[in-house]
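Trainee: 3D model of this:
(one chain, ligands or ions: 1)
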Amino acid sequence: LINPSLKDKKILISAGPTRESIDPIRFFTNHSSGKMGFALAEEAARLGAEVTLIAGPVSLNTPRNVKRVDVTTAEEMFQQMSMYYPNQDIVIKAAAVADYRPVVIHDRKMKKSDGNLSIDMERTKDILLTLGEMKTTQYLVGFAAETDEILTYGKQKLEKKHLDAIVINDVKAEGAGFATSTNAVTFVSKKGIEKDLPLATKNVIAQEILELIHLELKDEEK
Ligand code: PMT
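Mentor: Take a look at the predicted model:
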């Protein structure tokens, strides 16, 4: 590993799940612990970057020298990400954002009955797609959590969301994906880098991702 300096770089990172309420008691969410995004924030700050971390509901300590903004819903994450977005050099979306939310949020506890329950859900905004469409000079990196044909689906997201790179996560692989302290991913860039980053701690994977981004940016500066 080389140790790229990210001094003077502004980096915006999202981490963790979002939480979409049904009533004051219940909500929809997913298995993201925030570890991958927090590891990226910690390593980026260690390399000298000015880091803003938009975090969904997780129980992790804020890494040193990182500005953390806590959010709950996909809509709140969208608001904060788009506010910080314009003057960033690098943006990495490691969060697992809800794709759907209940159409109605009840303000009192829903009472149960004997029958089945159906809840009407509507799509949330695709934050990454919107950021991709608003892109000026930011180097924009998405994550893709996949279970099948991971390279095909991952590369489709790279194209469709106008990204510079995507980190493809086979969440069925041993030791990889949600809530583990290790991960194994494939980094694919628009310029054509395709690199497997084999099983390692999320901090090491984060260092490798940042190094690849740094190499791509250095290439652009030439
Ligand atoms: O948090 P950990 O427990 O450490 O787990 C890490 C992780 C598995 C969550 C992480 O490595 C990961 O893969 N994050 C992306 C999870 C995900 O939601 O993937 P996706 O394929 O559904 O979404 C693709 C991309 O679009 C992601 O960058 C996501 O942030 C973004 N997205 C998705 C939906 C939406 N409404 N808005 C978005 O911006």
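Trainee: and this structure, which of its residues are near the ligand?
Mentor: Within the chain, the positions near the ligand by Cβ under 6 Å from any ligand atom are 16, 32-36, 74, 93-97, 99, 124, 126-128, 142-145, 157, 169, 171, 177-179. Placement of C-beta: from N, CA and C, glycine included.
Trainee: which of those fall in strands?
Mentor: Under the assignment DSSP state E, the residues of the chain next to the ligand contribute Lys93, Gly142, Phe143, Ala144, Ala145, Asn169 to strands.
Trainee: between those, which is closest to Glu211?
Mentor: The closest of these to Glu211 turns out to be Phe143 (Cβ to Cβ; 16.9 Å).
Trainee: filter the residues of the chain next to the ligand down to the buried ones.
Mentor: 16, 32-36, 74, 93-97, 124, 126-128, 142-145, 157, 169, 171, 177-178 (16 or more other Cβ atoms under 10 Å).
Trainee: show only the entries of the residues of the chain next to the ligand found in helices.
Mentor: Judged by DSSP state H, helices contain the following of those: Lys35, Met36, Ala74, Ile127, Leu128, Lys157.
Trainee: of those, which is the nearest to Lys7?
Mentor: Met36 (23.5 Å).
Trainee: grab the nearest non-local neighbour of the closest one.
Mentor: With Cβ to Cβ, 6 or more residues apart in numbering as the measure, Ala94 is the residue that lies nearest to Met36, at 4.8 Å, once sequence neighbours are left out.
Trainee: ok, the one you found touching Leu40?
Mentor: Yes: judged on Cβ atoms under 8 Å, Ala94 makes contact with Leu40 at a distance of 6.1 Å.
Trainee: ok, back up a step: redo the ones in strands among the residues of the chain next to the ligand as TSV? Include pLDDT.
Mentor: As requested, those are exported to TSV (pLDDT from 0 to 100):
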residue	pLDDT
Lys93	98
Gly142	97
Phe143	97
Ala144	96
Ala145	94
Asn169	94
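Trainee: find the centremost residue of this structure, please.
Mentor: The residue lying closest to the centre of the chain (Cα atoms, centre = their mean) is Ala94, at 1.6 Å.
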